[in-house]
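In: Fold the following, please.
(2 chains)
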Number of protein chains: 2
Amino acid sequence: MLPFGERVRRAIASTGPLCVGIDPAASLLDAWGLSDDAAGLRAFGLGCVEAVSGVVPVVKPQVAFFERHGAAGMAAYEEVVAAAQAAGLLVIADAKRGDIGSTTEAYADAWFRGPFAADALTATPYVGLDALWPMADAARATGRGLVVVVSSSNPEGRTLQHAVTEDGRSVERSLLDEIARWNREELADEARRADTAPLGSAGAVVGAVRGGAPVEGLEDLGGIVLAPGLGAQGARVEDVARRFAGCPTGSVLPAVSRGVQADGERGMRNAARRLLDALAGALS
Amino acid sequence: MLPFGERVRRAIASTGPLCVGIDPAASLLDAWGLSDDAAGLRAFGLGCVEAVSGVVPVVKPQVAFFERHGAAGMAAYEEVVAAAQAAGLLVIADAKRGDIGSTTEAYADAWFRGPFAADALTATPYVGLDALWPMADAARATGRGLVVVVSSSNPEGRTLQHAVTEDGRSVERSLLDEIARWNREELADEARRADTAPLGSAGAVVGAVRGGAPVEGLEDLGGIVLAPGLGAQGARVEDVARRFAGCPTGSVLPAVSRGVQADGERGMRNAARRLLDALAGALS
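Out: Residues are numbered from 1 along each chain as shown, chains lettered A, B, ... in the order given. Alright, predicted model coming up:
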């Protein structure tokens, strides 16, 4: 299997940059006429896959919504991931995992090698990015990606993410620099075509915020920038274009969830197409 | 149901302070003569419950190890939680969840109201503690607890956790102050016996570190301090006693995992008893 960075680069180059969330909240299940149980989760997820396959490059199941129905809900998650991959979509499991020591190794096994494995996993770095190394390593070894939360789109995140570390860099800047270092190490080992900007297996979650300023250090990340916040969370296409103006073309992957899910399966396909067109213009 | 803070206070007062981890790593399953699959996870978890029920107050399944076997592994987790509660143990689900907006609400549903619900859940605060409010609120509303990672026992965690926020406090200090505020609010609403130090539903994970210094702000937390790191991670009973010297009696809950699991079910019961005796003396 090709490395995740290369697979996502090709997928975005082929269809344009948009990640569609699969977030089966109770209110959306109701709007789609589905039951709020594991069968409803499965039907919602398969409906999302059907709606956006061939249109967008990547889907992102939000694992929290599947956990609402326990082990049965997670069985539905496994089915939705398999269906998405069979339909040619890349899948980022949005599970925000992270811990230390042998627990991180267990998460790496679970999310890169076990039944929950998708094409990439989101991770949370409160315990330090170095502690997540076993996950990044397993991602590389299995051709998958690790996308680390760096800058969340909620204002309450600023206190921690802008706190200043011992060497004077902000928390978010020091994480971005470290992720960039991981990607440089990985890409140094690979023969790449000289005419493309290669992407490593490690990425960053940086929220698309209405009126949000550009993020320092992002232009050299060398990996994908997953940018949730379009639509229901308030960011517009022009906010995405401004915030990520310095990033290489094809490395930014804006994500939308409720903004395209609210009108049911048929509405979703059309809404995704329109958003993708707008983004392709704004980000190129 | 009584609030989690009161339940854990009574449980610790009754048996002494020790939380035993249920961490079915592949190596431990092998040492116990069990298969590395969902059936092995179930047998390991039920064996741990059998070994420590009536001895310790709290067990802590590490969810990552159950996720290694996907939805089937999480079904084993559900069974282990039910068995532990039936045996009179309090259960802290060590899942380190945390996100923003509707996703946090989904985690709250999943881990306080759904099939995965135990007596408390660990959470990770990279997105800001305020973003976790729906989880703390759901914990209170359902008589359960939320235990937030504040200071991890790995040195790589220091960069972020000691970073300085805008008002001059460290990240970990500002989290401790905020958790203390949540607990004061909760406890102000309750009539409590005047002769005990009451505990709120919100707690903190603060690693027991070999040679670790006391943590400022911890003495006023008003909730449980979950302190992993005993045994395999290197901390000794005297490290725990020194690091948590300022905390009210009965509020510190040291946690051990591999340190008592390595000798199989029978060895575990005896190891837990010995450790509990040592801790009861050191922390009183």
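
In: Point out where chain A drops to low pLDDT.
Out: Along chain A, segments meeting pLDDT under 70 span A:189-196, A:233.

In: now the helices for it?
Out: A:4-15, A:26-31, A:38-52, A:63-67, A:70-86, A:101-108, A:133-141, A:158-161, A:171-188, A:237-243, A:258-261, A:264-283 (DSSP state H).

In: Can I get the ones you listed in TSV including mean neighbour count and distance to chain B?
Out: No exception for glycine: its C-beta is placed from N, CA and C like everyone else's. Below are these laid out as TSV (neighbours: other C-beta atoms under 10 Å in any protein chain shown; distance: least, C-beta to the nearest C-beta, whole Å):
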stretch	mean neighbour count	distance to chain B
helix A:4-15	21	20
helix A:26-31	16	8
helix A:38-52	22	10
helix A:63-67	29	4
helix A:70-86	21	3
helix A:101-108	24	4
helix A:133-141	21	9
helix A:158-161	20	5
helix A:171-188	20	5
helix A:237-243	19	17
helix A:258-261	23	8
helix A:264-283	17	17
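
In: Can you lay out those helices as CSV showing distance to B:Gly47?
Out: Shown next, in CSV, are these (distance: least, C-beta to C-beta, whole Å):
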stretch, distance to B:Gly47
helix A:4-15, 38
helix A:26-31, 37
helix A:38-52, 29
helix A:63-67, 26
helix A:70-86, 20
helix A:101-108, 18
helix A:133-141, 27
helix A:158-161, 39
helix A:171-188, 39
helix A:237-243, 52
helix A:258-261, 44
helix A:264-283, 46
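
In: who wins for proximity to B:Leu28 among these?
Out: helix A:101-108 (9.6 Å; C-beta to C-beta).

In: How far off centre is that closest one?
Out: Remark: helix A:101-108 is offset 20 Å from the chain centroid, using C-alpha atoms, centre = their mean, to the nearest Å.

In: What's the nearest residue in the stretch 101-250 of chain A when you look at chain B?
Out: A:Pro115 (2.7 Å; C-beta to the nearest C-beta).

In: Would you check how far apart the nearest residue to A:Thr159 once chain neighbours are set aside and B:Ala204 are?
Out: The shortest distance from A:Thr159 to any non-neighbouring residue, by C-beta to C-beta, 6 or more residues apart in numbering or on different chains, is to B:Thr165 (5.2 Å). B:Thr165 is 17 Å from B:Ala204, where distance means C-beta to C-beta, to the nearest Å.

In: And those two? Which one has more around it.
Out: Using other C-beta atoms under 10 Å in any protein chain shown as the criterion, B:Thr165 and B:Ala204 rank with B:Ala204 on top: 25 against 18.

In: Could you report the separation of the more buried one from B:Val215?
Out: 9 Å.

In: what sits in contact with each of those two?
Out: B:Val150, B:Ser151, B:Leu176 (C-beta atoms under 8 Å, 6 or more residues apart in numbering or on different chains).

In: tell me which of these is nearest to A:Ala232?
Out: When the shared contacts of B:Ala204 and B:Val215 are compared against A:Ala232 (criterion: C-beta to C-beta), the nearest one is B:Val150, at 31.0 Å.

In: my read: that closest one touches B:Ser174, true?
Out: No. Here B:Val150 does not reach B:Ser174: they are 9.8 Å apart, not a contact under C-beta atoms under 8 Å.

In: shared neighbours of these two, which are they?
Out: By C-beta under 8 Å, 6+ apart, no residue touches both B:Val150 and B:Ser174.

In: a markdown table for the shared contacts of B:Ala204 and B:Val215, including distance to chain A?
Out: As requested, those are exported to a markdown table (distance: C-beta to the nearest C-beta, whole Å):
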| residue | distance to chain A |
| --- | --- |
| B:Val150 | 9 |
| B:Ser151 | 10 |
| B:Leu176 | 13 |
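
In: ok, the residue of the stretch 101-250 of chain A closest to chain B to B:Val164 distance?
Out: In terms of C-beta to C-beta, A:Pro115 sits 42 Å off from B:Val164.

In: now do A:Leu18
Out: A:Leu18 is 38 Å from B:Val164, where distance means C-beta to C-beta.
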